[in-house]
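In: show me the folded form of this:
(one chain, ligands or ions: 1)
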Amino acid sequence: MTGYAKPLPEITDLTKPLWEASKRGELVIQKCKKCSHMQWYPRHSCVNCASREMEWIKVSGKGRVYSFTIARQVIGNSPEFQKDIPFVVAEIDLEEGVRLYSNVVGVNPDDVKIGMQVEVTFEECTPEISLPKFKPAKT
Ligand SMILES: [Zn+2]
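Out: So this is what the prediction gives:
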């Protein structure tokens with residue numbers, strides 16, 4: 001099999017800026033122009049004040065592991081993930097105060113710790129999609 005086998009996000013008018021930034025190697029999140037609330041994942045309006053005036057801002061890509069789990073087996077109809085076992089699914093708290101889900105990569109899963117400093121890295125999946133993932137931060 002050639003190409004990227006796992007499911008990928010659909011690029012929509014809402015999410016297009018995120019995927020374009022990811023292709024450039026930049027992590028962006030939404031910030032409300034009215035109340036300055038920052039949010040992840042992309043939405044059409046601010047979850048704090050309901051304003052629809054959202055902008056995209058580049059963030060540092062640095063954060064800490066808030067929580068995580070290690071997937072050690074594939075359950076259900078997703079054999080395309082089998083080659084990744086074991087892998088880490090984590091909640092990452094960005095420096096900017098936004099929490100997001102991603103994978104921690106580039107480290108033995110058993111060495112991932114809560115509070116661990118991480119930084120964004122991008123997995124190039126297709127010409128259109130690079131997925132933001134996180135690796136241990138350089139110290
Ligand atoms: Zn707002």
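In: helix, strand, or coil at residue 101?
Out: strand (DSSP: H, G, I helix; E, B strand; the rest coil).
In: which ones are touching the nearest residue to residue 34 once chain neighbours are set aside?
Out: Once flanking residues are discounted, residue 34 sits nearest to residue 51: 4.0 Å by CB to CB, 6 or more residues apart in numbering. Where you see a C-beta, it was placed from the backbone N, CA and C, and this is true even at glycine. Going by CB atoms under 8 Å, 6 or more residues apart in numbering, residue 51 touches 32, 33, 34, 35, 45.
In: count of residues packed around the residue lying closest to the second one once chain neighbours are set aside?
Out: Distance criterion CB to CB, 6+ apart; nearest residue to residue 33, sequence neighbours excluded, is residue 53 at 4.1 Å. With neighbours defined by other CB atoms under 10 Å, the count for residue 53 comes to 12.
In: verify the stated contact: residue 53 with residue 34.
Out: Yes: using CB atoms under 8 Å, residue 53 is in contact with residue 34, at 5.7 Å.
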